[in-house]
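Peer 1: Below are the sequence and a predicted model for it; my questions follow.
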Amino acid sequence: MAVGTVARERVERLDRIWQERPGFTGWLTTTDHKRIGLLYLVTSLVFFAAGGVEALVMRTQLAEADERVVGPGTYDQLMTMHGITMIFFFVIPLSIGFFGNYLVPLMIGARDMAFPRMNALSYWLYLGSGILLYSGLALGHAPDAGWFNYVPLASRKFSPGTGVDFYALGLILNSISSTAAAANFLVTIGRLRAPGMSLNRMPLFCFAILATSFSLVFALPALTTDLVFLELSRKFGLHFFDVGRGGNPLLWQDLFWIFGHPEVYIIVLPAFGIATSIIPTFTRRRMAAFPLVALAELLVAFIGFGVWVHHMFATGLPEIAMIFFAAASLIIVIPSGIQIFAWCMTMVTGKPEFRTPLLFIVGFILFFVFGGLSGIMLAAIPFDQQVTDTYFVVAHFHYVIWGAAVFPLLGGLYYWFPKVTGRMYNERLGQTTFWLVFIGTNVTFFPMHISGMLGMPRRVWTYPGYLGWGPENFVSTLGAFFLTGGLVLMAVNLVVSRIRGPLAGPNPFGGATLEWATSSPPPPYNFAVIPKVSSPYATWDTDDRKTDPERLERGDFVLEGGHLTPGTTPVDGHMDEILAMPEESPWPVTLAFVATLGTAFVIANHLIFAIAMVALAAVVLVAWHSGEPEAA
Ligand code: HEM
Ligand SMILES: [Cu+2]
């Protein structure tokens with residue numbers, strides 16, 4: 001398409017307005033949601049590798065009876081770090097931080113997140129909390145009380161070192177980061193959708209991120225409160241959890257699982273959203289039951305809040321409470337079933353083309369059903385009381401988190417790879433990877449159901465040979481290495497394709513949502529012309545670049561007077577104002593640095609320095625707000 005001179009000038013003007021600093025400082029000060037997304041991507045994958053190495057060491061230690069690869073103390077640290085890393089530093093940052101950040105503004109036709117600087121702050125706080133936690137490991141003070149860190153084990157009496165302080169304070173920083181990110185999504189999705197994108201025209205992926213963000217905003221405060229209580233008990237001897245002085249350790253468990261169970265859905269919902277993005281594209285068919293699926297995504301998030309007690313069936317609660325929570329737990333089957341049914345219907349009635357992204361989604365559906373079945377078994381109280389804290393539980397939740405939450409993320413990495421890099425991955429290698437990872441996952445985790453039912457407790461660093469758990473464990477360990485081979489192949493494919501893959505063009509798979517309507521990779525302002533939306537399948541139905549190619553020429557919604565994006569009403573998507581967005585800034589990264597340093601001082605018991613950091617943070621905040629540059 002020949003671009004007229006007027007149009008070219010407009011694009012050049014946008015390029016100038018949205019240009020950020022080049023090089024390394026550009027990455028430090030960026031407020032572009034796509035670059036922040038990429039920072040999340042790289043960082044979360046580094047943590048994934050760390051969590052993976054921890055898992056492999058554990059599996060090697062457990063491969064045979066009476067092994068001595070690592071000692072019990074190290075095993076406890078590895079296990080705790082693995083759980084924390086995978087959940088707080090890998091899955092959530094990858095799904096919300098990368099996929100959410102990169103895709104939501106593109107999918108809703110906005111030019112950035114609602115609060116670009118807060119977005120940058122979220123990333124840097126996340127990085128700071130991760131560095132803090134891993135410096136604990138490097139100093140030999142990693143937390144070792146398990147990812148749910150039950151008191152009294154986590155109290156100062158039974159965990160005297162600084163390991164648990166690294167856990168509590170590191171996760172407080174991390175949860176501040178996630179809370180800010182979630183609030184940012186709520187406002188972005190509520191207010192920045194392109195004109196015409198009423199709620200019923202919003203892509204299902206964005207519904208999933210919306211539901212996830214609601215869950216985060218309500219669930220994280222419970223965790224943060226718990227962590228603050230814990231740290232106050234450990235540092236200043238307050239006694240929230242100490243029975244001897246009127247506290248109660250169940251308070252820890254209640255608050256932890258009020259966060260922890262919704263957390264499961266926080267992990268799987270973005271994955272659901274990715275599935276509902278990939279399936280229509282590769283089956284050439286609209287999602288069956290679109291409104292029901294949107295509703296189901298919100299319901300899943302809601303129900304997640306009502307059932308935390310099923311993690312505490314072994315604590316001896318009143319029978320009536322246990323029955324209520326067991327029954328309530330099963331209700332999640334309804335919205336989950338709706339979604340599974342809709343995914344399958346779409347595939348069965350469409351013309352599925354099993355390319356790598358869709359293969360990962362099919363794998364995900366199988367794992368989700370399978371993990372769901374063992375979940376139903378666990379919701380039966382007598383069964384739970386038998387297998388709680390055995391490898392059966394480890395098998396169940398890895399089927400759900402690894403199989404059902406991470407598989408779609410892997411599929412999504414392939415699916416959006418051409419959008420993000422502008423190049424295609426190698427399809428044949430992608431499919432090989434899928435089979436390696438799919439088989440590896442089953443070989444790793446299926447035998448754990450059996451060792452669990454044979455009575456193997458979780459969180460043991462070794463076991464004697466006469467118990468006969470050797471064969472299952474050996475197979476598990478082989479599977480884990482096989483699985484790792486698949487992931488390494490994936491990394492090679494994506495890294496090489498990033499450099500040498502064939503150019504992809506804006507919409508290589510024929511995707512329907514708005515991110516496919518702009519170039520690959522998208523320009524800093526996402527869209528030269530703000531799209532007008534009249535369908536959730538924007539590029540299939542009403543691509544106004546085709547129906548009205550002169551918009552750029554006419555300057556219709558080009559918004560070239562500064563960092564501008566339209567603000568629309570939350571339900572109907574009527575345009576009601578033009579919003580000015582902030583520019584890049586050095587203050588978010590500075591503030592995160594000060595906060596991390598302050599936290600480190602608290603861990604090291606240098607309270608004076610910590611208070612100095614609070615003062616410094618106040619100065620940074622003043623600078624942050626006084627330094628707003630004028631719109632061009
Ligand atoms: C795919 C390769 C993986 C392998 C081989 C693996 C292996 C293990 C092993 C051996 C344990 C220790 C079980 C115990 O001693 O009780 C464990 C625990 C755990 N894993 Fe994984 N895991 C993998 C992936 C993941 C992922 C992707 C997540 C989450 C996103 C995850 C979350 C956890 C959690 C939360 C724990 C519990 C830690 C605790 O009890 O404190 N794992 N895993
Ligand atoms: Cu639960």
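Peer 2: Cool, got the structure. Predicted, not measured: the structure shown is a model, and the values here were computed from it. Ligands and ions are numbered 1, 2, ... in the order given.
Peer 1: Residue numbers of the stretch 251-400 of the chain in contact with ligand 1?
Peer 2: Taking C-beta under 6 Å from any ligand atom as the criterion, the neighbours of ligand 1 within the stretch 251-400 of the chain are 394, 398. For the C-beta atoms, the positions are set from N, CA and C on the backbone; glycine is no exception.
Peer 1: The stretch 51-200 of the chain now?
Peer 2: For the stretch 51-200 of the chain, the residues found near ligand 1 under the criterion C-beta under 6 Å from any ligand atom are 55, 58-59, 79-80, 82-83, 86-87, 91, 146-147.
Peer 1: Now name the helix or strand holding the most centrally placed residue in the chain.
Peer 2: Among the residues of the chain, the one closest to the centroid is I92, at 2.2 Å (C-alpha atoms, centre = their mean). The secondary structure element spanning I92 is helix 92 (assigned by DSSP states H and E).
Peer 1: What about the nearest residue to T212 once chain neighbours are set aside, how many residues nearby?
Peer 2: Among residues not flanking T212 along the chain, L269 sits closest, at 4.5 Å (C-beta to C-beta, 6 or more residues apart in numbering). Neighbouring residues of L269 were enumerated by other C-beta atoms under 10 Å; the total is 28.
Peer 1: For this protein, give the helix that spans the most residues.
Peer 2: helix 249-283 (DSSP state H).
Peer 1: you'd agree the residue nearest to the centre of the chain is up against T179?
Peer 2: No: assessed by C-beta atoms under 8 Å, I92 is found out of contact with T179, at 11.7 Å.
Peer 1: related to what we said a few turns ago, is the residue nearest to T212 in contact with F207, as I believe?
Peer 2: No: the pair L269 and F207 fails to qualify as a contact (C-beta under 8 Å) at a distance of 9.1 Å.
Peer 1: Between those two, which contacts overlap?
Peer 2: Residues touching both L269 and F207 (C-beta atoms under 8 Å, 6 or more residues apart in numbering) are E297.
Peer 1: coming back round to it: so how far is G196 from the residue nearest to T212?
Peer 2: Applying C-beta to C-beta, to the nearest Å, the value for L269 to G196 is 26 Å.
Peer 1: ok so, going back, which residues does the residue nearest to T212 contact?
Peer 2: Neighbouring residues of L269 by C-beta under 8 Å, 6+ apart: 208-209, 211-212, 215, 297, 300-301.
Peer 1: what's the answer for L552, then?
Peer 2: Residues counted as contacts of L552 (C-beta under 8 Å, 6+ apart) are 3, 7, 10-11, 528-529, 558.
Peer 1: now swap in G71 and tell me
Peer 2: Residues counted as contacts of G71 (C-beta under 8 Å, 6+ apart) are W461.
Peer 1: Excluding covalently adjacent residues, which one is nearest to P524?
Peer 2: Using C-beta to C-beta, 6+ apart and skipping residues adjacent in sequence, the residue nearest P524 is W18, 3.9 Å away.
Peer 1: Do I have it right that that neighbour meets N526?
Peer 2: No: the criterion here is C-beta under 8 Å, and W18 misses it with N526 at 9.1 Å.
Peer 1: how about the helices of the stretch 351-500 of the chain, start to end?
Peer 2: Listed from the start of the chain, the stretch 351-500 of the chain has helices (DSSP state H, counting those that start in this stretch) covering 356-379, 381-387, 391-398, 407-421, 427-453, 470-500.
Peer 1: again with the stretch 101-250 of the chain
Peer 2: In the stretch 101-250 of the chain, helices defined by DSSP H, counting those that start in this stretch lie at 101-107, 116-138, 163-191, 204-236, 249-283, listed in chain order.
Peer 1: that older thread, in CSV, list the helices of the stretch 351-500 of the chain along with mean pLDDT.
Peer 2: Converted to CSV, the helices of the stretch 351-500 of the chain look like this (pLDDT from 0 to 100):
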stretch, mean pLDDT
helix 356-379, 93
helix 381-387, 88
helix 391-398, 95
helix 407-421, 98
helix 427-453, 97
helix 470-500, 97
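Peer 1: Include distance to I611 when you put those helices into a markdown table, please.
Peer 2: Formatted as a markdown table, the entries for the helices of the stretch 351-500 of the chain read as follows, by distance: least, C-beta to C-beta, whole Å:
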| stretch | distance to I611 |
| --- | --- |
| helix 356-379 | 46 |
| helix 381-387 | 46 |
| helix 391-398 | 41 |
| helix 407-421 | 40 |
| helix 427-453 | 47 |
| helix 470-500 | 44 |
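Peer 1: Just say which of the ones you listed is most tucked in.
Peer 2: helix 407-421 (a mean of 25; mean count of other C-beta atoms under 10 Å).
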